[in-house]
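In: give me the fold of what follows.
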Amino acid sequence: MSESAAAPSRALLLMELRAIPELFGFTLSWPTLATISPRGEGQPVMVLPGLVTSDRATAPLRSLLSTLGYPTKGWDLGRNYGPLPGVEDGMKARLAALAEAHGRKVSLIGWSLGGIYARQLAKMMPDHVRQVITLGSPFNGDPRATNAWRVYQFTSGHKVDDRDAHMGGAISAPPPVPTTAIYSRTDGVCNWRSCIEAASDIAENIEVKSSHCGLGHDPAAAYAMADRLAQKEGEWSPFDRGGLRAFVYPKPASA
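Out: Got it, this is the predicted structure:
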């Protein structure tokens, strides 16, 4: 089996336990993040949770983004068990309502499976989406290159081989809006190679050092998200790794 098709090792999966101290680290870094993170135009943001998690998992991140001036909402659909009946329509209605309420396009942030949803929503409703940011989302390569594919099949009732049949077609196809894929080479749930996008004029990858379960509250990931959100609409450009940032953000891999 090739490296791109293999799920992360058992050692990396066990290292996912570090997500707990990573959350404490995020809490300690909160005052600094709230001070140094770039601030933008205050567009609405919707954050989509990962498999078998809910809006509770994204609450720390949403709270920080709200502090930075972004009206930030969860998906408000309970626990994410996959594309069950009503999930697609619920997300589309939530996105349309946010865009209408604020009179602006919505930035979508999705963690793991939530990032796949975000990409698909942008393909189906591009007029409502400003940009997409994914956190460890396995949208490329072998759908079994994760340690969660069996859980997905059990909770959703769908085969991973049929994932392109739901919500907007082939999930590996890039969205028609600016897209940032944040990933970690030490991800213990998803093969990091499946979480990166082919770089283009509107697509990029940002590497951080985090567990999969800690990506939503990793300080480096949070700062990168704030930086991406701070760009003016229509003036997207790749993340700047110059200066001291080079010590935190390695040169990203290419798909």
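In: residue 37: neighbouring residues, count only.
Out: 21 (other CB atoms under 10 Å). Any C-beta I mention is one placed from the backbone N, CA and C, and that applies to glycine too.
In: roughly how far does it sit from residue 226?
Out: 4 Å (CB to CB, to the nearest Å).
In: residues contacting the spatially closest residue to residue 142 that is not a sequence neighbour?
Out: Leaving aside its sequence neighbours, residue 142 sits nearest to residue 5 (CB to CB, 6 or more residues apart in numbering; 4.1 Å). Counting by CB atoms under 8 Å, 6 or more residues apart in numbering, residue 5 touches 141-142, 144-145, 191.
In: coming back round to it: joint contacts of residue 37 and residue 226?
Out: Common neighbours of residue 37 and residue 226 (CB under 8 Å, 6+ apart) are 64, 68.
In: how near is residue 35 to residue 24?
Out: When residue 35 is compared with residue 24 (using CB to CB), they lie 19 Å apart.
In: compare those two (neighbour count), which wins?
Out: residue 24 (10 against 7).
In: any idea which element that one lies in?
Out: helix 19-36 (DSSP states H and E).
In: parallel or antiparallel, which strands does whichever helix or strand comes after that helix pair with?
Out: As assigned by DSSP H and E, the chain's next helix or strand after helix 19-36 is strand 45-48. Applying DSSP bridges to the sheet, strand 45-48 is found paired with strand 72-73 (parallel), strand 106-111 (parallel).
In: deepest of those strands, which one?
Out: strand 106-111 (a mean of 28; mean count of other CB atoms under 10 Å).
In: tell me the pLDDT of residue 4.
Out: Reading off the confidence values, residue 4 has pLDDT 64.
In: just put the contacts of residue 5 in CSV and tack on neighbour count, distance to residue 76 and pLDDT.
Out: Output for those, formatted as CSV (neighbours: other CB atoms under 10 Å; distance: CB to CB, whole Å; pLDDT from 0 to 100):
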residue, neighbour count, distance to residue 76, pLDDT
141, 19, 31, 91
142, 19, 32, 93
144, 18, 31, 94
145, 24, 30, 95
191, 24, 30, 97
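In: residue 211: which of those is nearest?
Out: residue 191 (14.1 Å; CB to CB).
In: quick one: the nearest residue to that closest one once chain neighbours are set aside and residue 8, what's the gap?
Out: Of all residues not flanking residue 191 in the chain, residue 145 sits nearest, at 3.9 Å (CB to CB, 6+ apart). Applying CB to CB, the value for residue 145 to residue 8 is 8 Å.
In: which neighbours do the two share?
Out: Common neighbours of residue 145 and residue 8 (CB under 8 Å, 6+ apart) are 190-191.
In: show me where the protein has its helices.
Out: Secondary structure of the chain (DSSP state H): helices at 10-14, 19-36, 59-67, 87-102, 113-124, 149-156, 219-229.
In: so what's the residue nearest to residue 65 when sequence neighbours are not counted up against?
Out: For residue 65, ignoring the flanking residues on the chain, the nearest one in space by CB to CB, 6+ apart is residue 72 at 4.4 Å. By CB under 8 Å, 6+ apart, the contact set of residue 72 is 44-47, 62, 65-66.
In: residue 211: which of these is nearest?
Out: Nearest to residue 211 among the contacts of residue 72, with distances taken as CB to CB, is residue 47, at 18.3 Å.
In: contacting residues around that closest one?
Out: 55, 58, 61-62, 65, 72-75, 109-111, 114.
In: again, only this time at 7 Å
Out: Residue 47 makes contact with 58, 61-62, 72, 74, 109, according to CB atoms under 7 Å, 6 or more residues apart in numbering.
In: same check, this time on residue 205
Out: Counted by CB under 7 Å, 6+ apart, residue 205 has contacts 181, 183, 196-197, 199, 252-253.
In: where's the dip in pLDDT among the residues you listed?
Out: Lowest confidence among the contacts of residue 205: residue 253, with 79.
In: test my guess that it contacts residue 195.
Out: No. Using CB atoms under 7 Å, residue 253 is not in contact with residue 195, being 9.8 Å away.
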